[in-house]
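1. Can you look at this prediction? I've put the sequence above it.
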Amino acid sequence: MDLEPLISKAKMASAGKTGGWRNYRPVVDEELCTTCGVCTEYCPEGVIVNGKIDYDFCKGCGICKEVCKQEAIRMVLE
Ligand code: SF4
Ligand code: SF4
């Protein structure tokens, strides 16, 4: 299912690209990702779609990792 048209897009904040706040970055293992869309539904920033992440705005909260049943996401120290 193509979720991209259904989610709001992150925009530049007054402090710039909010991805700069991140301590950990989520990394998706494309071999494990089934593009189920669960991470997209839960990401509070709307920046992960089909396992692809917009790092300019991802804050590294790790919610996507927690909800991924495939364990396809790991958090890596920046
Ligand atoms: S929840 Fe996991 S398997 Fe599903 S789209 Fe996201 S990274 Fe891929
Ligand atoms: S770490 Fe948080 S902000 Fe970044 S893609 Fe995952 S859920 Fe979204």
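-> On my side now, so go ahead. Residues are numbered from 1 along each chain as shown. Ligands and ions are numbered 1, 2, ... in the order given.
2. what's near enough to touch the most centrally placed residue in the chain?
-> Central residue of the chain (C-alpha atoms, centre = their mean): I48, 3.5 Å from the mean position. By C-beta atoms under 8 Å, 6 or more residues apart in numbering, the contact set of I48 is 26, 28, 39-40, 54, 58, 64. C-betas here are computed from N, CA, C, even on glycine.
3. Which ones among the residues you listed lie within helices?
-> Per DSSP state H, helices hold the following members of the contacts of I48: 39-40, 64.
4. Tell me which ones among these also neighbour ligand 2, please.
-> C64 (C-beta under 6 Å from any ligand atom).
5. Make CSV out of the ones in helices among the contacts of I48 and add pLDDT.
-> Listed next are the ones in helices among the contacts of I48 as CSV, based on pLDDT from 0 to 100:
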residue, pLDDT
C39, 96
T40, 96
C64, 97
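6. now, which of the ones in helices among the contacts of I48 sits nearest ligand 2?
-> C64 (3.2 Å; C-beta to the nearest ligand atom).
7. Contacts only, for the closest residue to that closest one other than its chain neighbours.
-> Distances taken as C-beta to C-beta, 6 or more residues apart in numbering put C39 closest to C64, at 3.9 Å, once the chain neighbours are dropped. For C39, the contact set (C-beta under 8 Å, 6+ apart) comprises 48, 51, 63-64, 67-68, 73.
8. mind running it again at 7 Å?
-> Each residue near C39 by C-beta atoms under 7 Å, 6 or more residues apart in numbering is listed here: 48, 64, 67-68, 73.
9. So which of these are in helices?
-> Taking DSSP H, the ones among those that sit in helices are 64, 67.
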